[in-house]
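[1] One predicted model, sequence on top.
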Amino acid sequence: MIQPEFSRAQRLDGIGAGAHRVTISATADERAALARRFGLIAIDRLDAEMEIRRDASGVVARGHLAGAVVQACSVTGDAVPAQVDEAFAIRFLPEDTASGEEVELSDADCDTVFFTGGAIDLGEAAAETLALALDPFPRSPRADAVLRDAGVLSEDPTGPFAALAKLKRDAG
C-alpha cells in the first residue's frame, strides 16, 4: 500500500472510551506533495482540529479544517489564492463492514471512510476533506475578459430565457 503524503495514523487502541481532541498540521514537504497530487500550484497551510470518539460501529471524527491554497484559474492558468474553512464529520468503519453487513449510520451528515488494521488515518481524511472543499473551476479576475475576447458568451446571454429576451428586444 502506498503511504499517503499527509499521514497521521491514530491507533484505535489509543482512542479510549471518551472523546478527545486531536490537532494536526501538514509540513511544508507534505503540503508540496499534496499540491502535486491535487493539481494545485501550492498549499500554503493545512491544519485540522477535531474531536474523535468511538461509537458502536467505529470511530467518529468531527472538526474543522483550515487551509490556504493557490489554484490555477480554469481559464487563464493565473494563480488564484483561496482560503479553505470547512467543518467536517467523518465516520471511520472497518473495511469488513463494507461487504454486505448492514450498519446503522445515525449521523446522516457524516462522510464514511473504511479502514483496515488497527489505525485510522486522520491526515489522509483531512487531505480528502481539503480536496472536496476546493472550487472545481477557480476563476481569476481576468477570466471574464479573456473569455469575452475569445468570443465565449457569458451565461447571461445564453441562459434559458435568452431567446425570449432577444424576441422582446427585436419586437420593441
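    Sure, I can see it.

[2] helices and strands of this structure: which one bottoms out on pLDDT?
    Using mean pLDDT, DSSP states H and E, helix 155-158 stands out as the lowest-scoring helix or strand of the chain, at a mean of 58.

[3] Look through this protein and tell me its longest strand.
    strand 79-94 (DSSP state E).

[4] what's the angle between the next helix or strand after that one and strand 79-94?
    Downstream of strand 79-94, the next assigned helix or strand under DSSP states H and E is strand 111-115. Angle between the axes of strand 111-115 and strand 79-94 is 60 degrees (criterion: axes from the mean of the first three to the mean of the last three Cα atoms, to 10 degrees).

[5] I'd like the next helix or strand past strand 111-115.
    In the C-terminal direction from strand 111-115 (assignment by DSSP H and E), the next one is strand 119-121.

[6] Can you list the strands that that following strand pairs with?
    For strand 119-121, the paired strands and their directions (DSSP bridges) are strand 9-11 (antiparallel).

[7] what about the following helix or strand past the strand it pairs with, average pLDDT?
    Remark: after strand 9-11, the chain's next helix or strand is strand 20-25, criterion DSSP H and E. In this model, strand 20-25 has an average pLDDT of 96.

[8] starting at the chain centroid, how far to strand 20-25?
    18 Å (Cα atoms, centre = their mean, to the nearest Å).

[9] now for the very next helix or strand once past it, which elements pack on it?
    Using DSSP H and E, the helix or strand that directly follows strand 20-25 along the chain is helix 28-38. The contact analysis (3 or more Cβ pairs under 8 Å, 6 or more residues apart in numbering; DSSP states H and E) places helix 28-38 against strand 42-54, helix 122-133. (Each C-beta comes from the backbone N, C-alpha and C, glycine too.)

[10] Val22 is nearest to which of these?
    Closest to Val22 of these, according to Cβ to Cβ: strand 42-54, at 5.4 Å.

[11] Off-centre distance for the next helix or strand after that closest one?
    Following strand 42-54 in sequence order, the next helix or strand is strand 59-72 (DSSP H and E). Put simply, strand 59-72 sits 7 Å off its chain's centre (Cα atoms, centre = their mean).

[12] How about the contacts made by Val113?
    Applying Cβ atoms under 8 Å, 6 or more residues apart in numbering to Val113 gives the contacts Ile90, Arg91, Phe92, Leu93, Ile120, Ala125, Glu128.

[13] Please report how far it lies from Arg142.
    Distance, Val113 to Arg142, by Cβ to Cβ, to the nearest Å: 38 Å.

[14] Ile15 too?
    When Ile15 is compared with Arg142 (using Cβ to Cβ), they lie 49 Å apart.
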